[in-house]
Each structure stands twice: as C-alpha cells, then as structure tokens.
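Undergrad: generate a structure from the sequence data that follows.
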Amino acid sequence: MSFTVQNNNKKIYGNYGVDVKLNWSIVPHKTMKTPKRDKLLKQIEQVAQKRAQLKSNDNFNQVNYEEERLRSQYISTVSPPRKTLLKQVNTVLKRYKTEKKEPLGYKTLISFLTKTSKSDKSTKLTATIEPIINTISGYDYNVRFEGNIVLSSIKGQWLCVLTPEELKKSHEFNRIFDNAVEKFKQNTKVAKELSTTKKLFSNGNIDLRL
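TA: Numbering: from 1, shown residues only. This next block holds a predicted model:
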C-alpha cells in the first residue's frame, strides 16, 4: 500500500475538516450496497413517478434525496474506494497535526499506513493528498486517486468529485430518470384525456355531426 503526501512548497497551518463526515448513502463509492440492476431500474421508475407527481415544493427534499441515493448506487459500479481513502486521509492529517515535526509533504507514510491498515494489506491503493491554501489562512485538500481528484475539501467541508467514468454513468442515469419522468407524465396525460372523453360520451355531450 502506498500513500504519499505532497505539499507543493506550502506549510500546514491547520487541519480544517478532517472530522467532517460525508453522507455515504448519497456519495458513490466502491463496495456501496446496490440492488441488482433490474431492481434498481424499478426503483428509479418509482422515484421518477414521484417526481412527475410533485406539486410545488411538496415532498421535494425527500424525492431529491431518493433520486441522489439511486444515482450514487447506479454510479458506484465504476467508483473509487472513497470511503476507505477518506478514512486514511483523516488518519494521516490527524497524525500530522499531532506531530507537527515537519512541513506537510516531507514524509512518506507507507510504513505508518501499513501498520494502521493491516486489514487492507492485500489491497494496493495509491493516493496523494494535495494541500491547497484557503481564504481562512489554513489549508484545504484534494485527494487524488489513479490520476483523478476524487475528494476535495472547501473551508473544512469534504466534497465528492466525480471521475470522468462516474460523470459518464451520471449522465446515463439522468437519461434513464428523465425518460421515466416524461413517460409517466405522458401516460397520465393520455389517461386524463381518455377519462374526459368517456365522461363526455356517457353524458351524451358529443356532437358527431359534420
């Protein structure tokens, strides 16, 4: 396992955000619990139906959350191990904050992480922490995995950054979800038109003369 720290010639002044926790139910990551594809697509249709039926802001937040949860599950098949990486990053930053013997970037932490991550000994993970100075005289961080930034902090708040593969899957999810919403709206419209026509016929209000 290799996990190095870069400093880009900057010193560490603080560890903002190392204790902030992401909501992993809506953040795509490797090993995320995901239903089989047919079941997932069924759930997408059900939430799309809720979206199509929304009026004003009624239940908007709940439907939004359900959509994001399904999106993350759909994306997770190509996601990096974000949850594991963030756990390791937090451990690294806390350790450096405690020791403060050298500026961030002058130590490799291979031996340290080997000792503290014995359960992951067989997993070859390579990541880089890149400190970035922020506007509150401290540092935020980018976490780079296999050439892509996968996590980033902004004034202490950890954010998920999608990889190109994940963005592709996200766009794919959007097409499926939007098509399901539109399909339900069209079916509802047709059903209402048929219902109105039936009522007119039953009331004898249709004039069929040319």
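Undergrad: mind checking pLDDT for residue 93?
TA: Note on residue 93: pLDDT of 76.
Undergrad: next one: the one 5 residues further on
TA: In this prediction, residue 98 carries a pLDDT score of 71.
Undergrad: what strand or helix carries it?
TA: For residue 98, the host element (DSSP states H and E) is helix 82-99.
Undergrad: surely residue 153 is in a strand?
TA: Yes - using DSSP: H, G, I helix; E, B strand; the rest coil, the assignment for residue 153 is a strand.
Undergrad: so where's the protein uncertain?
TA: For the chain, applying pLDDT under 70 flags the ranges 1-21, 57, 96-97, 99-126, 137, 189-210.
Undergrad: try 50
TA: 1-5, 7-19, 104-123, 208-210 (pLDDT under 50).
Undergrad: residue ranges of each domain in this protein, please.
TA: As assigned by the TED database, the chain contains the domains 31-79+163-193, 81-161.
Undergrad: where along this protein do the strands fall?
TA: All strands of the chain, identified by DSSP state E, fall at 2-5, 126-133, 139-145, 148-154, 157-160.
Undergrad: want to throw those into CSV with mean neighbour count and distance to residue 72?
TA: Where you see a C-beta, it was placed from the backbone N, CA and C, and this is true even at glycine. Below are the strands of the chain laid out as CSV (neighbours: other CB atoms under 10 Å; distance: least, CB to CB, whole Å):
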stretch, mean neighbour count, distance to residue 72
strand 2-5, 18, 25
strand 126-133, 18, 20
strand 139-145, 21, 17
strand 148-154, 18, 14
strand 157-160, 17, 9
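Undergrad: can you report how many residues lie near the closest residue to residue 47 other than its chain neighbours?
TA: Closest residue to residue 47 apart from its sequence neighbours, by CB to CB, 6 or more residues apart in numbering: residue 66 at 4.8 Å. Counted by other CB atoms under 10 Å, the residues lying close to residue 66 total 18.
Undergrad: please apply the same query to the one 3 residues further on.
TA: The criterion is other CB under 10 Å. On that basis, residue 69 has 16 neighbouring residues.
Undergrad: ok, now how distant is it from residue 76?
TA: Per CB to CB, to the nearest Å, residue 69 is found 11 Å from residue 76.
Undergrad: picking up where we left off before, my guess is the residue nearest to residue 47 meets residue 48, correct?
TA: No - with contact defined as CB atoms under 8 Å, residue 66 does not count as touching residue 48 (10.0 Å).
Undergrad: which residues does residue 83 contact?
TA: Taking CB atoms under 8 Å, 6 or more residues apart in numbering, we find residue 83 in contact with 24, 27, 29-31.
Undergrad: got a markdown table for the residues you listed, with distance to residue 128 and neighbour count too?
TA: Below are those laid out as a markdown table (distance: CB to CB, whole Å; neighbours: other CB atoms under 10 Å):
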| residue | distance to residue 128 | neighbour count |
| --- | --- | --- |
| 24 | 22 | 15 |
| 27 | 20 | 21 |
| 29 | 18 | 20 |
| 30 | 18 | 14 |
| 31 | 22 | 10 |
